[in-house]
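Enquirer: Below is the sequence, then the predicted model.
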Amino acid sequence: MKKILILGANSYIGTSFHNYLTTKYPGQYQTDIVSLRGTDWKNRDWSGYDSVLNVTGKAHADISSLTEEQKKEYYAVNCDLAVEAASKAIADGVAQYIYFSSIIVYGDSSNSWKPVRITADTKPAPSNFYGDSKWQAEQKLQGLFAAEASTGTRLAILRLPMIYGPGCNSTCLYGTKGIMLIYNTPGMPLEVRDLSSKSTSYSFEPQAKSGVIDEFVNALLENRDPEVSGREALTTMRVIFASIKSSEIDRTVGVNSSFVTHV
């Protein structure tokens, strides 16, 4: 039986991975989950594990809303803590250490109208401190494992895009004065954190499912068109784009079935 240690208690990725293995491959994998908060994890014996999967991390936020001290927390968690955990994995003789990085190391294209294509030859070029914290972690980990190559512990780095799936019900809204977390923390349907990290929680009655997301996911799983396809919404989107364009150029624009034209 393969033994896997997941670093990151209450992580959506870690919990989903644990549930997937125990459901799909019962009796073939032993998965344990440990938190890297505090210092208790340092006293735990990791020897005997085939892999350590590090899914801990501090997610990105609106750069303009954070102080320099707050930015340092991203480097402490995403970089320094990842390297410290890797050092322990090597010292305890773990066979493989897997670090979850992010596709953000290639830069942030969320505000770009042009598609960004990433290939094996694309070089990392982080455009903000979140991406840089991940990129620095990768470099430090590679240096560490190169220096400790004789130990036999292998390093794997995964640069993942945004992840979603069944059970991922959380929504994070980033503003200039704080963050609103919706269904992100157990027992707190709505949590608001200001720039000083002060947290205020609110509760409300559970909302009924609209069925829209379920229909979209089921259509993907069943390889069929959803009841309301994207094609039907495309015309509405073109009208919205045309309105924005008209406002930008202060002219009337025309809309047809395939594109927006200036009048």
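Expert: Done, it's in.

Enquirer: for V77, what are its contacts?
Expert: 56-58, 133 (Cβ atoms under 8 Å, 6 or more residues apart in numbering). Just so you know, the C-beta spots here come from the backbone N, C-alpha and C atoms, and that holds for glycine as well.

Enquirer: can you redo the residues you listed as CSV with secondary structure?
Expert: CSV is the format used below for the contacts of V77 (DSSP: H, G, I helix; E, B strand; the rest coil):
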residue, secondary structure
T56, coil
G57, coil
K58, coil
S133, helix
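
Enquirer: Considering these, which possesses the most neighbours?
Expert: In terms of neighbours by other Cβ atoms under 10 Å, these top out with S133 at 28 neighbours.

Enquirer: So which residues of this protein form helices?
Expert: Secondary structure of the chain, counting by DSSP state H: helices at 12-24, 68-75, 81-91, 129-147, 212-221, 230-249.

Enquirer: Could you say which one of those comes nearest to Y106?
Expert: Closest approach to Y106 among the helices of the chain is made by helix 129-147 (7.8 Å; Cβ to Cβ).

Enquirer: Dump the closest one to PDB, keeping only the CA atoms.
Expert: In PDB, the C-alpha atoms belonging to helix 129-147 read as follows (Å, rounded to 0.1, in the frame of the first residue of the first chain):
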ATOM      1  CA  PHE A 129       4.300  39.300  -5.700                       C
ATOM      2  CA  TYR A 130       2.000  36.200  -5.600                       C
ATOM      3  CA  GLY A 131       3.500  34.700  -8.700                       C
ATOM      4  CA  ASP A 132       6.900  35.800  -7.600                       C
ATOM      5  CA  SER A 133       6.500  34.000  -4.300                       C
ATOM      6  CA  LYS A 134       5.700  30.800  -6.100                       C
ATOM      7  CA  TRP A 135       8.500  31.200  -8.600                       C
ATOM      8  CA  GLN A 136      11.000  31.900  -5.800                       C
ATOM      9  CA  ALA A 137       9.800  28.700  -4.100                       C
ATOM     10  CA  GLU A 138      10.400  26.700  -7.200                       C
ATOM     11  CA  GLN A 139      14.000  28.000  -7.600                       C
ATOM     12  CA  LYS A 140      14.900  27.400  -4.000                       C
ATOM     13  CA  LEU A 141      13.400  23.900  -4.000                       C
ATOM     14  CA  GLN A 142      15.300  23.000  -7.100                       C
ATOM     15  CA  GLY A 143      18.500  24.300  -5.500                       C
ATOM     16  CA  LEU A 144      17.800  22.300  -2.300                       C
ATOM     17  CA  PHE A 145      17.100  19.000  -4.100                       C
ATOM     18  CA  ALA A 146      20.100  19.500  -6.300                       C
ATOM     19  CA  ALA A 147      22.300  19.900  -3.300                       C
END
